[in-house]
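[1] need a structure here:
(chains A and B)
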Number of protein chains: 2
Amino acid sequence: MTHGDKSLVAANEVSGTAVYGADDSKVGTIDRVMIDKTSGKVAYAVMNFGGILGIGGDERPVPWETLTYDTGLGGFRTSITEAQLNDAPAAQEGWDRDRDWETRTYQTYGVTPYWI
Amino acid sequence: MTHGDKSLVAANEVSGTAVYGADDSKVGTIDRVMIDKTSGKVAYAVMNFGGILGIGGDERPVPWETLTYDTGLGGFRTSITEAQLNDAPAAQEGWDRDRDWETRTYQTYGVTPYWI
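    The predicted structure follows:
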């Protein structure tokens, strides 16, 4: 993803962007951004982590607020750790609203849900 | 774009989705969705229109609120007309915030700006 210092970003360019932890080590990669159709807000980003060379790995939803683009790193910086991801709710296939699951996701990372 | 009756949509799948006007005729195609990094809200979608076979054409930013996914059509429905698009502000290359330009865009379509 480019334009790290800009205020807007094209959603498709977020896909494939690396996510780095507090110690600059790579935690995972953003696969896609999910948008809430009615409100036009990002519901969450889906992050892939734990795979080898981009193969395998698990998907986890992470709140948009946990990601900050760092131009120096050329990727997102997050305070989320791999241990947190392992304990967090897994990504869902269905794209129906599941408020319980979304609530658990946001609680995991201590972020106020996007619908509040 | 699939999952038209769901509450969430993957932003990348919005790209390439057709947009139809009031009379079911195709008005254009969504090229990309721009997200405001800080708020996590869709700032606008960029729509391509007026080209021939997907070549050429002009790009216009349109508020997310003007697009409603219609499962029957397999695309978005909008009340925006080609005449409106011709008179509307053109899309910008830069991804800096330009509040005047965004304001004119939202005023064109009579939609309350996303930052209000």
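
[2] SS state for A:T112?
    The three-state assignment at A:T112 reads coil, by DSSP: H, G, I helix; E, B strand; the rest coil.

[3] can you pull the contacts of it?
    By CB atoms under 8 Å, 6 or more residues apart in numbering or on different chains, the residues touching A:T112 are A:E65, A:Y106. Using the backbone N, CA and C atoms, a C-beta is placed for each residue, glycine as well.

[4] And the pLDDT at it?
    Note for A:T112: predicted pLDDT of 91.

[5] most residues in a single strand of chain A, which one?
    strand A:26-36 (DSSP state E).

[6] mind saving the C-alpha coords of that one as CSV?
    Provided in CSV are the C-alpha atoms of strand A:26-36 (Å, rounded to 0.1, in the frame of the first residue of the first chain):
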residue,chain,number,x,y,z
LYS,A,26,5.7,-9.2,10.9
VAL,A,27,2.5,-10.4,12.5
GLY,A,28,0.5,-11.1,9.3
THR,A,29,-1.0,-9.7,6.2
ILE,A,30,-4.4,-8.0,5.5
ASP,A,31,-6.5,-10.1,3.2
ARG,A,32,-9.6,-7.9,2.8
VAL,A,33,-11.6,-5.1,4.3
MET,A,34,-15.2,-5.7,5.2
ILE,A,35,-17.6,-2.8,4.9
ASP,A,36,-21.0,-2.4,6.7
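
[7] Tell me where chain A has strands.
    A:8-10, A:18-20, A:26-36, A:41-49, A:58-62, A:68-70, A:75-77.

[8] Next, count neighbours for A:P89.
    Using other CB atoms under 10 Å in any protein chain shown, A:P89 is surrounded by 17 other residues.

[9] still on that earlier bit, may I see the strands of chain A arranged in JSON lines, with distance to B:D87 as well?
    Below are the strands of chain A laid out as JSON lines (distance: least, CB to CB, whole Å):
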{"stretch": "strand A:8-10", "distance to B:D87": "23"}
{"stretch": "strand A:18-20", "distance to B:D87": "41"}
{"stretch": "strand A:26-36", "distance to B:D87": "28"}
{"stretch": "strand A:41-49", "distance to B:D87": "29"}
{"stretch": "strand A:58-62", "distance to B:D87": "40"}
{"stretch": "strand A:68-70", "distance to B:D87": "34"}
{"stretch": "strand A:75-77", "distance to B:D87": "38"}
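
[10] how about JSON lines for those, with distance to chain B, mean pLDDT and mean neighbour count added?
    Formatted as JSON lines, those follow (distance: least, CB to the nearest CB, whole Å; pLDDT from 0 to 100; neighbours: other CB atoms under 10 Å in any protein chain shown):
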{"stretch": "strand A:8-10", "distance to chain B": "5", "mean pLDDT": "90", "mean neighbour count": "21"}
{"stretch": "strand A:18-20", "distance to chain B": "15", "mean pLDDT": "95", "mean neighbour count": "18"}
{"stretch": "strand A:26-36", "distance to chain B": "4", "mean pLDDT": "93", "mean neighbour count": "21"}
{"stretch": "strand A:41-49", "distance to chain B": "4", "mean pLDDT": "93", "mean neighbour count": "23"}
{"stretch": "strand A:58-62", "distance to chain B": "10", "mean pLDDT": "93", "mean neighbour count": "22"}
{"stretch": "strand A:68-70", "distance to chain B": "7", "mean pLDDT": "89", "mean neighbour count": "15"}
{"stretch": "strand A:75-77", "distance to chain B": "10", "mean pLDDT": "93", "mean neighbour count": "22"}
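
[11] okay, the angle between the longest strand of chain A and strand A:58-62?
    Computed by axes from the mean of the first three to the mean of the last three CA atoms, to 10 degrees, the angle separating strand A:26-36 from strand A:58-62 equals 60 degrees.
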